[in-house]
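Participant: the sequence and its predicted three-dimensional model are supplied below.
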Amino acid sequence: MIRVRFAPSPTGLLHQGNVRTALFNFLYARHQGGKLILRIEDTDQERSQENYEAAILEDLKWLGLEYDEGPDRTGDFGPYRQTERLPIYKKYLEQLESQGQVYPCFCTHEDLENERRKAMAGGKPYRYSGKCRELSAEDRRARIEAGVANTFRFKVDREIVKFTDLVYGEKIFDTLTIGDFVIARSNELPLYLFACAVDDCLMRITHVIRGEDGMSNTPRQMLIQRALGFTPPQFAHLPLILGPDHSLLSKRNGSTSVGELKGKGYLPPAILNYLSLLGWAPPEGKEILDLANLVELFDLGRVSRSSAIFDWAKLDHINQVHMAHLPEADYLAKAKQALVDGKFDASGTAEENLRKVLLALRPNLKNFAETPGWLTLLLGHPEPQTDEAREVMKAPESRKVLETLAGLIEAREDEMNPVSYEQVLEELKKKTKIKGKKLFMPVRVALTGGTEGPELAALVTALGKTQVLERVRSAFENLQHEKPQ
């Protein structure tokens, strides 16, 4: 059976890159009828925090990325936190010691920095000199008995390590460039590299799907696994996600936690839909996909080798489409919750009027977090919000348009609706002899305060005749105090 794992470190919150890795593992497992294992890699005890682990579990649940085994799910290969597996790592470290595959290294940080500086001065890539490898058993024992601190290094002999990456194809590494590497700080505290290599085999992981930045660890982990008598899993490395400036995605250029995306009002299906497209291309170019579609279509063979660029505009577009597909009741419930979260007081607005305004606003919302801002504008008395809007109102035609519009609305006995609105516009065009943007833009600014926004036919229906007339009159009266251009 296919078994894959998502193995975050609880040293921070999940961001786009982590989620994309979790998603691709989830999709591959579900497409293949396999299992997804969640493993918490918390060997960095100084930085690991329980609240980060709790956030990881909550974020995966909110996104809908269900895993089959994990710290809170019973499985046959637990425990699933590395700090609960320390005796296991000690056992395998002792096995490597007995095989003569590891040795204690007494080099200090300063010793290693001096070696590194010498290599750089000579224009050579740095690798550990291996000087502690040559120490005699008596010398090692004497240093340990004297309390000299040591790490454990894996002994690397010259060979060529090859493997076929399921994304990048055949990869070849010469161990001459690797050198002996540290796998444990002490016999009680393994490094990630060692713990991960052991866990992947003991948990019977068949495929390791992770970011391309983990590629350099692969030959080292394969050497460890082979030395312990294990068969390494298959590997698939995913292209990196870059920011809009084409540098590595970071807080500075757009890296955002799941919690922040949730707070901004993005929908889980839209987030997963968009992240799936970062490095993977669905067949036939279809881009709007729900999780079931993604599971059905996912194929590692369609993962690109090129880095992906995170594009907020594309995420906004995909989120808008997913919002549009929500049943009306779900949309209204989420929009009203966004008002509560944004501390917007809608108690003074009749329920039916609020419903109409929210529905009119629907095609323009990129995410639910925008709802309070829009309603502050639409349920208030909008003034021109931008320089562009103010310029529209300064145009000489705007006075004529708004004065005539107010008269036309007042003369009608029926309530405002899309049909009556179109009829009013036609009359407005005939009476003023004005058309195009010079006709429509003053109307939009008067009603919304901006040059962009909801479809006006839907908006006037939601606002009702009284409020529409009030806004048009208010805008016209304000213009009476302005000097025309």
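Facilitator: Nice, I can see it.
Participant: what residues are up against the residue nearest to the spatial centre of the chain?
Facilitator: Centroid-nearest residue in the chain, with C-alpha atoms, centre = their mean: residue 16, separated by 2.3 Å. Residue 16 sits next to 241, 249, 255-256, 275, 278, 310 when contact means C-beta atoms under 8 Å, 6 or more residues apart in numbering. The C-beta positions use only the backbone N, C-alpha and C, and glycine is treated the same way.
Participant: just the pLDDT for it.
Facilitator: Predicted confidence (pLDDT) for residue 16: 93.
Participant: can you pull the phi/psi pair for the residue nearest to residue 17 when sequence neighbours are not counted?
Facilitator: In space, and not counting its chain neighbours, residue 17 is closest to residue 241: 5.2 Å by C-beta to C-beta, 6 or more residues apart in numbering. Residue 241 adopts backbone torsions of phi -100, psi 130, taken as degrees, to the nearest 10.
Participant: any idea how far residue 241 lies from residue 251?
Facilitator: Using C-beta to C-beta, to the nearest Å, residue 241 is found at 13 Å from residue 251.
Participant: residue 7 versus residue 350, what's the distance?
Facilitator: Residue 350 is 52 Å from residue 7, by C-beta to C-beta.
Participant: more neighbours: these two, which one.
Facilitator: Set residue 350 next to residue 7 and count neighbours by other C-beta atoms under 10 Å: residue 7 wins out with 23 against 10.
Participant: who's in contact with that one?
Facilitator: With contact set as C-beta under 8 Å, 6+ apart, residue 7 has these partners: 38-41, 196, 199.
Participant: next one: residue 347
Facilitator: Per C-beta under 8 Å, 6+ apart, neighbours of residue 347: none.
Participant: equivalent analysis for residue 364, please.
Facilitator: 374, 452-454.
Participant: on that earlier part again, how about JSON lines for the contacts of residue 7, with secondary structure added?
Facilitator: What follows is the contacts of residue 7, written out as JSON lines (DSSP: H, G, I helix; E, B strand; the rest coil):
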{"residue": "38", "secondary structure": "strand"}
{"residue": "39", "secondary structure": "coil"}
{"residue": "40", "secondary structure": "strand"}
{"residue": "41", "secondary structure": "coil"}
{"residue": "196", "secondary structure": "helix"}
{"residue": "199", "secondary structure": "helix"}
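Participant: show the contacting residues for residue 164.
Facilitator: Shown in contact with residue 164 (C-beta under 8 Å, 6+ apart): 170-171, 234.
Participant: ok, of the residues you listed, which one's closest to residue 261?
Facilitator: Checking these against residue 261 with C-beta to C-beta, the nearest one is residue 234 at 31.3 Å.
Participant: can you map out the strands along the stretch 151-300 of the chain?
Facilitator: 151-154, 160-165, 169-174, 181-186, 189-190, 207-211, 234-238, 241-242 (DSSP state E, counting those that start in this stretch).
Participant: phi, psi for residue 103 please.
Facilitator: Note on residue 103: its backbone torsions stand at phi -150, psi 150 [degrees, to the nearest 10].
Participant: might one say that it is in contact with residue 137?
Facilitator: No - using C-beta atoms under 8 Å, residue 103 is not in contact with residue 137, being 9.9 Å away.
Participant: so for those two, which sits in the more crowded spot?
Facilitator: residue 103 (21 against 8).
Participant: rewinding a little: who does the residue nearest to residue 17 bridge with?
Facilitator: Beta-bridge pairing of residue 241 under DSSP bridges involves residue 308.
Participant: wait, isn't it in contact with residue 250?
Facilitator: No - judged on C-beta under 8 Å, residue 241 makes no contact with residue 250 at a distance of 10.5 Å.
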